[in-house]
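Q: sequence below, structure please.
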Amino acid sequence: MIRSRHIAPALFALLFLFPSSSPAASPRTEVKATVDQVIATLKDETLSAAARREKLTSIIRPRFDFRIMSQSVLGVNWRRATETQKRRFIDLFSELLKSTYVSKIEQYTNERVDYGEERIEDDRALVETMLVTQSTEIPIIYRMIRKDGEWKVYDVVIENVSLVRNYRSTYDEIARKEGIDRLLQRMEEKLAELRSGSDTAGEDL
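A: Residues are numbered from 1 along each chain as shown. This next block holds a predicted model:
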């Protein structure tokens, strides 16, 4: 579904970890501050594996606007969903992202991050970065929105491929052909596989 399996593991540390905002902080400043924070956490040898994962997980959820992401992923199906279905989708989608990528965050191997331009227009922002590995350079763009004085991520574009658009291509088809309830059921099944550590639990739904 998404191209993440082809991208260096360090990328995922940058996809899901953003700091709490201060009114004066720019989106790019927040990106850099949090990358530094994440790297320090990953290198902290005093933390057990469980404690490290718990600390990383505690950072993930509040840093994304999962409602906006969910609305974009479901597209026209969002308008057709009931409030109960919307709430369930948001919960499942956020849990799937967390469960899928926390393990990859832990595989950080000292790739370098270069910071490019930031563009701010009203309450929306775009931050350009480049993940530099030993063999390649991977452009990553963060699309962010400011809510209640905080900048939150609502999409990530990796090598011109939108994370939200990739999920939408799969989820929209399932919702149209099988219905939203069946989509939710399949998401629950995938989440159960991820939590059980099943060898067959891949990244696709």
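Q: which SS class is residue 119?
A: Classification of residue 119 by DSSP: H, G, I helix; E, B strand; the rest coil places it in strand.
Q: just the mean pLDDT for the lengthiest helix in the chain, thanks.
A: Counting residues, the longest helix found in the chain (DSSP state H) is helix 83-105. Average pLDDT, helix 83-105: 86.
Q: quick one: distance of that helix to the chain centre.
A: 9 Å (C-alpha atoms, centre = their mean, to the nearest Å).
Q: try stretch 76-91
A: Mean C-alpha position of stretch 76-91 versus that of the full chain (C-alpha atoms, centre = their mean) differs by 19 Å.
Q: distance check, residue 154 against residue 129.
A: Note on residue 154: its distance to residue 129, by C-beta to C-beta, to the nearest Å, is 16 Å. Placement of C-beta: from N, CA and C, glycine included.
Q: check residue 136 too.
A: As judged by C-beta to C-beta, residue 136 and residue 129 stand 14 Å apart.
Q: cool, residue 81 as well?
A: Taken as C-beta to C-beta, the span from residue 81 to residue 129 is 33 Å.
Q: kindly report the same for residue 96.
A: 24 Å.
Q: when the two are compared, which one has more neighbours?
A: Ranked by neighbour count (other C-beta atoms under 10 Å), residue 96 and residue 129 place residue 129 first, with 22 against 18.
Q: isn't residue 131 up against residue 156?
A: No. Residue 131 is beyond contact range of residue 156, at 11.6 Å (criterion: C-beta atoms under 8 Å).
Q: shared neighbours, these two?
A: residue 140 (C-beta atoms under 8 Å, 6 or more residues apart in numbering).
Q: for the chain, just list every one of the helices.
A: Along the chain, the segments classed as helices by DSSP H run 10-15, 27-43, 49-60, 66-74, 76-80, 83-105, 163-178, 180-196.
Q: now the last one: buried residues?
A: The one in question is helix 180-196. By neighbour count with 16 or more other C-beta atoms under 10 Å, helix 180-196 contains the buried residues 180, 183, 184, 187, 190, 191, 194.
Q: what helices or strands is that helix leaning on?
A: With contacts taken as 3 or more C-beta pairs under 8 Å, 6 or more residues apart in numbering; DSSP states H and E, helix 180-196 sits against helix 83-105, helix 163-178.
Q: distance to residue 46 added to the ones you listed, as CSV?
A: Formatted as CSV, the helices and strands packed on helix 180-196 follow (distance: least, C-beta to C-beta, whole Å):
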stretch, distance to residue 46
helix 83-105, 18
helix 163-178, 33
